[in-house]
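Novice: here you go, sequence then predicted model.
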Protein chains: 2
Amino acid sequence: MTSTRPHVVIIGSGFAGLAAARGLGKARADVTIIDRTNHHLFQPLLYQVATAELAPGDIAQPIRHILRRHRNVRVLLGEATGIDPQTRRVWMGESFLHYDYLIIATGSRHSYFGNDAWARFAPGLKTIDDARRIRARVLAAFEQAEFCHDTAERTRLLRFVVIGGGPTGVEIAGALAELARHTLREEFRIINPAMAKIVLVEAGERILAQFPHALTAYAEQALARLGVHVLTRTRVTDINSEGVMLDGALLPAATVIWGAGVMATPVGQWLGVETDRLGRVTVDRDFSVPGLDGVYVLGDAALATLPDGTVLPGLAQVADQEGEWLGRALARRINGEPPSAPFHYRDKGNLATIGRNAAVADFRRFTLRGFIAWLVWGIVHVYLLNGFDNRMIVTFRWLWAYATRRRGARLVSLSQPEVAVVPECRAPLREE
Amino acid sequence: MTSTRPHVVIIGSGFAGLAAARGLGKARADVTIIDRTNHHLFQPLLYQVATAELAPGDIAQPIRHILRRHRNVRVLLGEATGIDPQTRRVWMGESFLHYDYLIIATGSRHSYFGNDAWARFAPGLKTIDDARRIRARVLAAFEQAEFCHDTAERTRLLRFVVIGGGPTGVEIAGALAELARHTLREEFRIINPAMAKIVLVEAGERILAQFPHALTAYAEQALARLGVHVLTRTRVTDINSEGVMLDGALLPAATVIWGAGVMATPVGQWLGVETDRLGRVTVDRDFSVPGLDGVYVLGDAALATLPDGTVLPGLAQVADQEGEWLGRALARRINGEPPSAPFHYRDKGNLATIGRNAAVADFRRFTLRGFIAWLVWGIVHVYLLNGFDNRMIVTFRWLWAYATRRRGARLVSLSQPEVAVVPECRAPLREE
């Protein structure tokens, strides 16, 4: 770009980055948004891709397409590898971009609390690739169990352990139970998929700890009805190729899914500033990083505190509101308009779904549970999706699944590394 | 299986294998169908996955789900690695299955006529993985061109060469032209995607050689209107990282797609029998392999000749009819019923689509072209798809694309090996 207009660089096209780019759409500035993928991902529905309810493309839209009308915004498929705040450069491998304003919205990855070796055995769920990987493992476990004549190994193949009792863990566990008990019914000849055991492990006192106690109790009942075994106050001490060690005892399981902890991406290292235990960078009320001129951090990567002292949680709605506010505030500043009113967070409530006709919703002034919460959950999530076509397709898939219990996105292939066949298990196939 | 009923093993769940399994659904036999993937793929629409018009799951259904009502059929996710006709064993790595009847329907892969080194630079299109790979290359080429300041390299990135003027090549070329000229419009800031050059290369006299001359002429006009450059009587002499050598002259191109030749999978080697130049095994009128008791070959892997001397072509409708006939014939034999009437091939005609409102159809007694052929093509293909949900979703996507020119399946990520960034091209990003 050869213009003399200020250059705003945004790293990350999640909720925060995308909202910031939109907010800057009318600024007299050149905006570049960088991401490792070409799409904005609607993470709240990612667990449905991992459990074959939705297809990857249903919840992703190309960033270029979303921002096509903002002629001052360009989109760059690339990976930021470092930042030099002194010379105002964003490095991408050997090349770099100069910025006047830098917005970092790189989100978070799952964190294994220092046990990175667990990652191999217990994948987390943050990207489309993660979801495809988990889906492959889940579907392959049933395929392998069908042809496994070793009873202990078959039991291990049909045990699925979900670690972390937050909304993601609850949603995955519920969806796995419905997959096993309903979707796969009739399709196997030797195993009965309904015999699969789904175990949800939570270290704390209760699942859905951010919801009122009554909703936790409801969710536990709903999970029990689905056959999910919920273990609270249970610590994971190791994860290996055999299964999960819970408080020191082995629970054999072929499929382990990590939904327990997240950690901000290495923004603190890039900027040379301190972070909290979760890797978050402390920001001012306007999301700027103290001491670094023109650098802002948003969303899961930021430790932002409200005037009343509460820390903003790592939620899509927080990231979205922060991005929108900062984009507009910067646009006003660049355009020479009067400054924006200070950031004000509007809590729109918390939702989590457990399964068919079962969800919980906490709107602070009132709560919902059961069918009505589930209906609200569905409508809200379709409404929040990007793109009319995705809304239509997700609605159709949900109605179809509701009517038939079928799922439309069950693809798996031996070409995927996750689908390794268990050879000891196959040996009994030798039949004459 | 411990039953004394005969065991029919089917290798491959394409059109032939699936139809055979269905035909055997009421036989007093145990049937095992083996495939490397868990899904039956509707290959005629695979080019639309490669060009981001449809999502992978839209044209694939789990085999287990399709065959769920046939209680005597079991489905095995596995890869056949060899056959021993003497001991009647199908080997899968270290384990094996015993068969009484064996149906081989393993189809074909693309063939580079002895130039296997070309595969790296010019992927073919036979599986979902192939389609995802081509889609990643195509979308990444536009992404890279946007940030490439080297004119020659940008031109190379925006040139797409499709090799082979059969229906697949014509369909890919047309779809690429529409992607560049319509779908990606508005979305780029530096390049104009409509400047992309699509080149369709055919060694023979004309494209769509299996269609009447008038339809070839129409297709050439329709492709020209879309901006596709058709080169007939042009031989590919080499393919490398720079592009394609055509009759010895280099045409620089970053994306080359192979639609020229196919070769049957190594069934001949497995069985120790002779094959023709395309790797096909000669079969009798009942698709049995002469000299091998109880072994049948179907579809693209078979060289089957009709009583009038014509060789059955490698088409979905041929494979489907063969599979249905053989499945039923074997069921009658196993059930002790009178034998079936001999196989009779019913030619349902040939269809190929070029783009919006443009297709050709040859129903032998009459031909169609243009909008009406395109409409017939769409209706026939939706009708032939497996699964009501896939039919609805494909119909919706096509109507949506027709109304808006948008495509819903444009996912690409730097985590895919096909999306390597061209570093020399990025260097000019160094801007201050």
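Specialist: Now that the structure is in, tell me what you want to look at. Residues are numbered from 1 along each chain as shown, chains lettered A, B, ... in the order given.
Novice: where does the stretch 51-200 of chain A dip in pLDDT?
Specialist: Residues of the stretch 51-200 of chain A meeting the criterion pLDDT under 70: none.
Novice: show me which residues of it sit near chain B.
Specialist: Within the stretch 51-200 of chain A, the positions adjacent to chain B are A:55-58, A:60, A:62, A:64-65, A:68-69, A:71, A:74-79, A:92-98, A:127-129, A:139-140, A:143-144, A:146-147, A:184, A:186-190 by CB under 8 Å from any CB of the partner chain. Using the backbone N, CA and C atoms, a C-beta is placed for each residue, glycine as well.
Novice: ranges for the strands of the stretch 1-150 of chain A?
Specialist: A:7-11, A:30-35, A:39-41, A:60-62, A:73-77, A:82-84, A:89-92, A:95-98, A:101-104, A:108-110 (DSSP state E, counting those that start in this stretch).
Novice: make a markdown table out of these and add mean neighbour count.
Specialist: Putting these into a markdown table (neighbours: other CB atoms under 10 Å in any protein chain shown) gives the following:
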| stretch | mean neighbour count |
| --- | --- |
| strand A:7-11 | 27 |
| strand A:30-35 | 24 |
| strand A:39-41 | 24 |
| strand A:60-62 | 26 |
| strand A:73-77 | 23 |
| strand A:82-84 | 17 |
| strand A:89-92 | 20 |
| strand A:95-98 | 20 |
| strand A:101-104 | 27 |
| strand A:108-110 | 19 |
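Novice: of those strands, which is nearest B:His7?
Specialist: Nearest to B:His7 among the strands of the stretch 1-150 of chain A is strand A:60-62; the distance by CB to CB comes to 44.2 Å.
Novice: which residues sit against the closest one?
Specialist: A:37-42, A:128, A:386-387, A:390, B:187, B:410-411 (CB atoms under 8 Å, 6 or more residues apart in numbering or on different chains).
Novice: which parts of the stretch 251-400 of chain A sit against chain B?
Specialist: Neighbours of chain B within the stretch 251-400 of chain A, by CB under 8 Å from any CB: A:387-390, A:392-393, A:396-397, A:400.
Novice: drop anything exposed from the residues you listed.
Specialist: The neighbour count (16 or more other CB atoms under 10 Å in any protein chain shown) marks A:387, A:389-390, A:392-393, A:396-397, A:400 as buried among those.
Novice: next step: those restricted to helices.
Specialist: Among these, the members falling in helices (DSSP state H) are A:389-390, A:392-393, A:396-397, A:400.
Novice: helices of the stretch 301-432 of chain A, residue ranges please.
Specialist: Counting by DSSP state H, counting those that start in this stretch, the stretch 301-432 of chain A has helices at residues A:316-335, A:370-384, A:388-404, A:423-426.
Novice: could you tell me the least trusted of those helices?
Specialist: Sorting the helices of the stretch 301-432 of chain A by mean pLDDT places helix A:423-426 lowest, at a mean of 62.
Novice: pretty sure A:Val380 contacts A:Leu351?
Specialist: Yes: the criterion here is CB atoms under 8 Å, and A:Val380 meets it with A:Leu351 at 6.6 Å.
Novice: higher neighbour count, the two?
Specialist: The neighbour comparison of A:Val380 against A:Leu351 (other CB atoms under 10 Å in any protein chain shown) goes to A:Leu351, with 21 against 14.
Novice: quick check: the gap between the more buried one and A:Ala217.
Specialist: Distance of A:Leu351 to A:Ala217, computed by CB to CB, to the nearest Å: 17 Å.
Novice: kindly report the same for A:Arg277.
Specialist: For A:Arg277 relative to A:Ala217 (CB to CB), the value is 30 Å.
Novice: and the two? which has more neighbours close in?
Specialist: A:Ala217 (14 against 8).
Novice: any idea how far that one is from A:Leu375?
Specialist: Distance, A:Ala217 to A:Leu375, by CB to CB: 21 Å.
Novice: swap in A:Ala194?
Specialist: From A:Ala194 to A:Leu375 the distance is 26 Å (CB to CB).
Novice: ditto for A:Leu251
Specialist: 35 Å.
Novice: and for A:Ala136?
Specialist: Counting by CB to CB, the gap from A:Ala136 to A:Leu375 is 31 Å.
Novice: and A:His229, by the same measure?
Specialist: 27 Å.
Novice: cool, A:His149 as well?
Specialist: In terms of CB to CB, A:His149 sits 45 Å off from A:Leu375.
Novice: tell me, how many residues neighbour A:Ala152?
Specialist: Using other CB under 10 Å, A:Ala152 has 9 other residues around it.
Novice: output the helix or strand hosting it as PDB, nothing but the C-alphas.
Specialist: Assessed by DSSP states H and E, A:Ala152 sits inside helix A:151-157. Taking C-alpha atoms only, helix A:151-157 is exported to PDB below (Å, rounded to 0.1, in the frame of the first residue of the first chain):
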ATOM      1  CA  THR A 151     -13.700 -58.100  25.200                       C
ATOM      2  CA  ALA A 152     -11.400 -55.700  27.200                       C
ATOM      3  CA  GLU A 153     -10.200 -53.900  24.100                       C
ATOM      4  CA  ARG A 154     -13.800 -53.600  22.800                       C
ATOM      5  CA  THR A 155     -14.800 -52.000  26.100                       C
ATOM      6  CA  ARG A 156     -11.900 -49.600  25.900                       C
ATOM      7  CA  LEU A 157     -12.800 -48.700  22.300                       C
END
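Novice: re earlier: between the contacts of strand A:60-62, which is nearest A:Gln210?
Specialist: Of the contacts of strand A:60-62, the one sitting nearest to A:Gln210 (CB to CB) turns out to be A:Phe42, at 20.5 Å.
Novice: how does chain A divide into domains?
Specialist: Chain A breaks down by automatic domain parsing into domains covering A:7-36+A:78-110+A:262-335, A:116-260+A:349-420.
Novice: export these as JSON lines, with columns for distance to B:Ala329.
Specialist: What follows is the domains of chain A, written out as JSON lines (distance: least, CB to CB, whole Å):
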{"stretch": "domain A:7-36+A:78-110+A:262-335", "distance to B:Ala329": "54"}
{"stretch": "domain A:116-260+A:349-420", "distance to B:Ala329": "24"}
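Novice: quick one: A:Leu271 and A:Leu292 touch, right?
Specialist: Yes: look at A:Leu271 against A:Leu292 with CB under 8 Å: they come within range, at 6.2 Å.
Novice: list residues touching both of the two?
Specialist: In the contact map built from CB under 8 Å, 6+ apart, the residues linked to both A:Leu271 and A:Leu292 are A:Pro85.
Novice: among the helices of the stretch 301-432 of chain A, which is the most enclosed?
Specialist: Scoring the helices of the stretch 301-432 of chain A by mean neighbour count under mean count of other CB atoms under 10 Å in any protein chain shown gives helix A:316-335 as the most buried, with a mean of 21.
Novice: got the angle between that helix and strand A:30-35?
Specialist: Put simply, helix A:316-335 runs at 160 degrees to strand A:30-35, going by axes from the mean of the first three to the mean of the last three CA atoms, to 10 degrees.
Novice: I am finished for the moment; much appreciated.
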